[in-house]
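Student: when you get a sec, could you give me coordinates for this:
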Amino acid sequence: MESYERERIERAVETNFELKKLYEQHLELDQKLKKLGKQRFLTKQEESEERRLKQLKLRGVERMLRIAAG
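Tutor: Residues are numbered from 1 along each chain as shown. Down below sits the predicted model:
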């Protein structure tokens, strides 16, 4: 997510509950992905989980941007 997009979302989070929830989920997914990224090797299950988390994060970002554009 670009910095200008993040700023727009962070401003809108203050007044939109759904957006706030999505943003919190985004941050949580980001932390999980960082944790996986620190591992030297991933099992097939961890690779699948990483792909799943990235897809969830992307869908969340797309939804947040639609809401923030509003």
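Student: tell me the pLDDT of the most centrally placed residue in the chain.
Tutor: Nearest residue to the geometric centre of the chain (Cα atoms, centre = their mean): residue 26, 2.8 Å. Listed pLDDT for residue 26 reads 93.
Student: dump the residue contacts of it.
Tutor: Residue 26 makes contact with 57, 60-61, 64, according to Cβ atoms under 8 Å, 6 or more residues apart in numbering. Quick note: C-beta positions are derived from backbone N, CA and C, even for glycine.
Student: give the residue spans of the protein that score low on pLDDT.
Tutor: Of all residues in the chain, none has pLDDT under 70.
Student: where is the longest helix in this protein?
Tutor: Counting residues, the longest helix found in the chain (DSSP state H) is helix 44-69.
Student: sorry, back to before: which element is the residue nearest to the centre of the chain on?
Tutor: Assigning secondary structure by DSSP states H and E places residue 26 in helix 17-37.
Student: only the buried residues of that helix, if you could.
Tutor: Neighbour counts over helix 17-37 (16 or more other Cβ atoms under 10 Å) mark 19-20, 22-23, 26, 29, 33 as buried.
Student: with stretch 40-56 instead?
Tutor: By neighbour count with 16+ other Cβ under 10 Å, stretch 40-56 contains the buried residues 50, 53, 56.
Student: ok, now which ones touch the second one?
Tutor: Applying Cβ under 8 Å, 6+ apart, we find residue 53 in contact with 29, 32-33, 36.
Student: same thing but at 6 Å, please
Tutor: 29, 32-33 (Cβ atoms under 6 Å, 6 or more residues apart in numbering).
Student: for it, give its distance to residue 32.
Tutor: Distance, residue 53 to residue 32, using Cβ to Cβ, to the nearest Å: 6 Å.
Student: check the first one too.
Tutor: If you measure residue 50 against residue 32 using Cβ to Cβ, the figure is 9 Å.
Student: what of the last one?
Tutor: Using Cβ to Cβ, residue 56 is found at 10 Å from residue 32.
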